[in-house]
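Colleague: Below are the sequence and a predicted model; questions follow.
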Amino acid sequence: MNPLLLGLFVILLWDGYFFFNYIISLFKNYRIREWSPKVSIIIPAYNEGERILRAIKSALAQDYPDFEVIVIDDGSKDNTFEVAFSVKDPRLRVYRKNHGGKAKALNFGLSKASGEIVVTTDADSRLEPDAVKELVRRFYSDEILGVGGQVRVAGESFLEIAQDAEHLRIAMFRRAKELDDLSLAPGPIAAFRREVLGRIGGFVEEIVEDYATTKAVKEFGKVVYAPRAKVWTEMPKSISVLWRQRKRWFLGDLKNLGGGFTKDWIFLILGDVVAFFDVIVPPLLLITGHFELFALWWFFETFTMLLPTLFEGGRLINTFLFPVIVWFWAAFYLALHIYGYLSVLLGRV
């Protein structure tokens, strides 16, 4: 078989598999439970004076009957504490501690929490008004110990649109394959039973505390996905900042993956193989004059993004730009992962 055709087939098979499963997931039973336990919303903050007010207001605006908001200023050097403390609401408590990192700030907040369910969000994020309600509804049985929501990215630059499209694709994957077995409850919108956090000794104090905490919680029960619970967050606005962020995340993920030939490692390697084809196949199709195959690839990538955009509340520009965005992320992550693997081999992780 022509190598280009083989590469295109791999791309279409990989993306088609997840798209097909996404379609099936839309018809699955979305299990929920109507109950209203007390919720503690914890917002750790470090040098977020310009953003913390928006985060607090979105937390206090939750359409939920019984909750408290706990803000932890992690030793900020700006006016984060003063801005947060200026908000007067009986449901809000603001604390200041010496700088120790996000996980330590979360655990400080956990020590002050009284809710049966603990929700985490970030100081640069804005919860949708029904986010907490939708998170809580997904605790549909006693074995559900954690719930993760859908992260979306605000902003209008190409890099911000690309990151929003990336998170929309992640939402598609999670609904398709992780609706009732989530691998990561993301820090900007996660919920855990306070009891299980006590059993694991609180939030795991690592660089990628959300992934490590999710992994620890799953030792005792299930963590599920709540696609209807949404948060809008800010993401890097430059390539250099994005690289540093994703490098930190990926090296932390590699550390938590551990050794052994697990399904997580297999999935990671397969994803990198597909990313390699994503990078080289479309340009080569143009260079070699296979315009009809390039058009097939462009149409397929656009089509598989259209339905998630409509169902998950995305922007149509994500759909129309998605083939370009796919290529960008494939090149970015392929370079990042090569860097990460070399770091592991050289003992830098």
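Modeller: Looks like it came in fine. Numbers count the residues shown, from 1 in each chain.
Colleague: what's the domain layout of this structure?
Modeller: 3-26+241-345, 39-235 (automatic domain parsing).
Colleague: Most tightly packed of those?
Modeller: domain 39-235 (a mean of 20; mean count of other CB atoms under 10 Å). Quick note: C-beta positions are derived from backbone N, CA and C, even for glycine.
Colleague: pLDDT averaged over it - what is it?
Modeller: Per-region confidence: domain 39-235 scores 96 on mean pLDDT.
Colleague: where does D78 fall, phi/psi-wise?
Modeller: Note on D78: its backbone torsions stand at phi -110, psi -150 [degrees, to the nearest 10].
Colleague: That one reaches G49, doesn't it?
Modeller: Yes - taking contact to mean CB atoms under 8 Å, the distance of 4.2 Å between D78 and G49 places them in contact.
Colleague: What is the helix or strand containing V241 packed up against?
Modeller: Assigned by DSSP states H and E, V241 belongs to helix 239-257. Counting contacts by 3 or more CB pairs under 8 Å, 6 or more residues apart in numbering; DSSP states H and E, helix 239-257 packs against helix 158-177, helix 209-217, helix 263-287, helix 322-345.
Colleague: I'd like to know which of these is closest to E116.
Modeller: Among those, the nearest to E116 by CB to CB is helix 209-217 (15.1 Å).
Colleague: just checking, next helix/strand downstream of the closest one?
Modeller: Scanning forward in sequence from helix 209-217, with DSSP H and E defining helices and strands, the next element found is strand 222-233.
Colleague: who does that following strand touch, helix- and strand-wise?
Modeller: Counting contacts by 3+ CB pairs under 8 Å, 6+ apart, strand 222-233 packs against strand 125-127, helix 131-137, strand 144-153, helix 158-177.
Colleague: Can you lay out those as TSV showing distance to F85?
Modeller: Shown next, in TSV, are these (distance: least, CB to CB, whole Å):
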stretch	distance to F85
strand 125-127	20
helix 131-137	23
strand 144-153	28
helix 158-177	31
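Colleague: Which one of those lies nearest to L26?
Modeller: Across the helices and strands packed on strand 222-233, the minimum distance to L26, taken as CB to CB, is reached by helix 158-177, at 7.7 Å.
Colleague: Show me what the closest one is packed up against.
Modeller: Taking 3+ CB pairs under 8 Å, 6+ apart as the contact definition, the neighbouring helices and strands of helix 158-177 are helix 3-25, strand 144-153, strand 222-233, helix 239-257, helix 291-312, helix 316-320, helix 322-345.
Colleague: Contacts for the last one, please.
Modeller: Around helix 322-345, the neighbours that count as contacts under CB atoms under 8 Å, 6 or more residues apart in numbering are 161-162, 165-166, 242-243, 246-247, 250-251, 254, 268, 272, 274-276, 278-279, 282, 297-298, 301-302, 305, 318, 349.
Colleague: returning to that earlier point: R199: which of the helices and strands packed on strand 222-233 is closest?
Modeller: Of all these, strand 144-153 sits nearest to R199, with 9.1 Å by CB to CB.
Colleague: Parallel or antiparallel, list what pairs with the closest one.
Modeller: On the basis of DSSP bridges, the sheet neighbours of strand 144-153 come out as strand 190-193 (antiparallel), strand 222-233 (parallel).
Colleague: what's the spacing between the longest one and its chain's center?
Modeller: In this case it means strand 222-233. When distances are taken as CA atoms, centre = their mean, to the nearest Å, strand 222-233 is centred 9 Å away from the chain's centroid.
Colleague: related to what we said a few turns ago, nearest to A216, out of the helices and strands packed on strand 222-233?
Modeller: Once the helices and strands packed on strand 222-233 are compared by CB to CB, strand 144-153 is nearest, at 9.9 Å.
Colleague: CA atoms only for the closest one - export them in PDB, please.
Modeller: The C-alpha trace of strand 144-153 is given here as PDB (Å, rounded to 0.1, in the frame of the first residue of the first chain):
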ATOM      1  CA  ILE A 144     -18.900   7.400  42.900                       C
ATOM      2  CA  LEU A 145     -16.100   9.200  44.800                       C
ATOM      3  CA  GLY A 146     -15.200  11.900  42.300                       C
ATOM      4  CA  VAL A 147     -16.500  13.900  39.400                       C
ATOM      5  CA  GLY A 148     -14.800  16.000  36.700                       C
ATOM      6  CA  GLY A 149     -16.400  18.600  34.600                       C
ATOM      7  CA  GLN A 150     -15.800  20.100  31.200                       C
ATOM      8  CA  VAL A 151     -13.000  22.800  30.800                       C
ATOM      9  CA  ARG A 152     -13.400  25.400  28.100                       C
ATOM     10  CA  VAL A 153     -11.000  28.200  27.100                       C
END
